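Trainee: This is a predicted model, with the sequence first.
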Amino acid sequence: MQTLTVTDMHTGGEPVRIVTGGYPAVPAGTILEKRAYVRDHLDHLRKVLMFEPRGHYDMYGVLPVEPDLPGADLAVLFMHNEGYSTMCGHATIALGRYAVDQGLVEKKEPVTVVNIEAPCGLVVASVEVRDGKAGAVSFESVPAFLYARDREVTLPGVGKVGFDVAYGGAFYALADCRQFGLEFGRSRVRDFVDAATALTDKLKAEFPLSHPAHADLGFLYGTILTDGKDAFSSEPTKNVCVFAEAEVDRSPTGSGVTARLAAMYAKGQIGLGQTRLFESITGSRFSGAVERTTTEGGHDAIVARVGGRAFYSGKAEFSVEPQDELGRGFLLR
């Protein structure tokens with residue numbers, strides 16, 4: 001009977017299940033090679049941890065692996081109901097605090113820097129430390145850029161829908177929820193999920209993507225529906241991210257906020273150094289700002305800084321008995 005141990009956290013209500021023991025060793029290689037190996041050879045363990053009866057449809061997890069990039073303090077693979085994502089901001093915020101608390105990096109006040117190797121590249125987390133305790137965390141994104149601007153598709157039962165596509169460690173479609181007749185605080189979460197999934201499915205079928213550096217990163221991860229308040233304001237802007245297999249992010253979505261900032265900056269809706277608040281369907285908030293400009297494979301790009309808080313929710317030891325077929329993982333929606 002195999003035993004897996006985990007530490008559970010959440011960032012803005014979005015779960016982060018960190019594997020602390022029991023996973024087989026992953027062979028040496030690049031982070032993308034490790035991701036491919038885990039996907040091809042150890043995917044049954046993702047289902048054990050993410051699916052019921054130990055998880056749920058919207059569970060999210062982190063598998064630490066050996067770093068490959070020079071200067072990385074730790075390396076991680078992200079997992080969810082569909083597979084393995086390339087970047088995760090809410091998990092990065094949790095990992096920053098976790099790394100400081102677990103002594104994976106030397107603790108320094110007032111800020112401890114944690115270099116995290118993700119499938120999309122090196123992400124630098126800055127952890128506030130006061131009286132020896134880790135607090136709020138922010139991170140610098142990988143280069144983010146607006147990939148497609150002011151595009152339009154026709155969706156059955158909806159009509160024409162305008163959207164952008166932006167990259168923030170993963171590719172997202174960005175669309176104003178009002179085009180679907182939706183309103184935050186009034187419409188059902190189910191209706192947001194259905195609208196976002198319809199747009200994602202349409203674009204996956206008809207709108208090919210490519211990443212300038214890595215072919216493995218060139219896919220649409222999901223759709224972010226916004227309140228349409230993209231122009232800079234002191235008022236928070238609301239959004240919901242529906243990613244992977246119609247999974248709903250409870251947090252504002254770190255890589256999604258990064259993608260939104262890239263689109264906003266490209267459209268002249270936010271300037272360098274301006275901080276905007278992004279609010280999720282749970283009411284949790286991330287701060288986001290354009291830290292500096294750069295380029296990525298011919299695209300004008302930005303490096304964003306996104307910040308939030310993560311909290312511990314428990315520890316667990318999981319096992320699967322040999323005759324327990326349901327214990328290997330199932331999903332209900």
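Mentor: Okay, I see it.
Trainee: Tell me how many other residues crowd the spatially closest residue to T237 that is not a sequence neighbour.
Mentor: By the measure of C-beta to C-beta, 6 or more residues apart in numbering, the closest residue to T237 outside its immediate chain neighbours is K229, 4.4 Å from it. All C-beta atoms are positioned from the backbone trio N, CA, C, and that covers glycine. K229 has 15 neighbours, counted by other C-beta atoms under 10 Å.
Trainee: got a list of what K229 touches?
Mentor: Contacts for K229 (C-beta atoms under 8 Å, 6 or more residues apart in numbering) come out as 235, 237-238.
Trainee: Could you verify that it is part of a helix?
Mentor: No: applying DSSP: H, G, I helix; E, B strand; the rest coil, one finds K229 to be coil, outside a helix.
Trainee: how close does it sit to P236?
Mentor: To P236, K229 is 8 Å away according to C-beta to C-beta, to the nearest Å.
Trainee: for G13, same thing?
Mentor: Distance, G13 to P236, by C-beta to C-beta: 16 Å.
Trainee: Point out where the protein drops to low pLDDT.
Mentor: 1 (pLDDT under 70).
Trainee: List the contacts of the longest helix seen in it.
Mentor: For the chain, the longest helix by residue count, based on DSSP state H, is helix 189-206. Helix 189-206 has contacts (C-beta under 8 Å, 6+ apart) with 153, 155-156, 158, 161, 163, 165, 173, 175, 177, 180, 182, 219-220, 222-225, 240-242, 246, 248, 281.
Trainee: Sheet-wise, list the partners of whatever helix or strand comes next after it with their directions.
Mentor: Using DSSP states H and E, the helix or strand that follows helix 189-206 towards the C-terminus is strand 220-226. In the sheet, strand 220-226 lines up against strand 171-176 (parallel), strand 237-243 (antiparallel) (DSSP bridges).
Trainee: Need those in TSV (columns: distance to P67).
Mentor: Formatted as TSV, those follow (distance: least, C-beta to C-beta, whole Å):
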stretch	distance to P67
strand 171-176	25
strand 237-243	25
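Trainee: In JSON lines, list those strands along with mean neighbour count and distance to E52.
Mentor: What follows is these, written out as JSON lines (neighbours: other C-beta atoms under 10 Å; distance: least, C-beta to C-beta, whole Å):
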{"stretch": "strand 171-176", "mean neighbour count": "25", "distance to E52": "27"}
{"stretch": "strand 237-243", "mean neighbour count": "26", "distance to E52": "19"}
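Trainee: A289: which of those is closest?
Mentor: Minimum separation from A289 across the strands paired with strand 220-226 (C-beta to C-beta) falls at strand 237-243, 13.4 Å.
Trainee: Relative to whatever helix or strand comes next after that closest one, what are the paired strands and their orientations?
Mentor: Once the chain leaves strand 237-243, the next helix or strand it forms, by DSSP H and E, is strand 247-248. Partners of strand 247-248 in the sheet, by DSSP bridges, are strand 237-243 (antiparallel).
Trainee: residues in contact with the partner strand?
Mentor: With C-beta under 8 Å, 6+ apart as the criterion, strand 237-243 contacts 80, 85, 170, 172, 177, 184, 189, 192-193, 196-197, 200, 221-227, 229-230, 248-249, 252-253, 256, 260, 276-281.
Trainee: Can you select the buried ones from those residues in ChimeraX?
Mentor: Per 16 or more other C-beta atoms under 10 Å, the buried members of those correspond to this ChimeraX selection:
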select :80,85,170,172,177,184,192,193,196,200,221,222,223,224,225,226,227,230,248,249,252,253,256,260,276,277,278,279,280,281
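Trainee: So for stretch 113-129, what gets flagged as buried?
Mentor: With burial defined by 16+ other C-beta under 10 Å, the residues of stretch 113-129 counted as buried are 114-129.
Trainee: Which residues are in contact with the closest residue in space to G228 that isn't next to it in sequence?
Mentor: Sequence neighbours aside, D176 is the residue nearest to G228 in space, at 3.9 Å (criterion: C-beta to C-beta, 6+ apart). Residues in contact with D176 (C-beta under 8 Å, 6+ apart) are 162, 225-228.
Trainee: how much space between the residue with the shortest distance to the centre of the chain and L332?
Mentor: Centrality entry for the chain: nearest residue to the mean C-alpha point is C88, 2.8 Å, by C-alpha atoms, centre = their mean. Here the criterion is C-beta to C-beta. By it, C88 lies 24 Å from L332.
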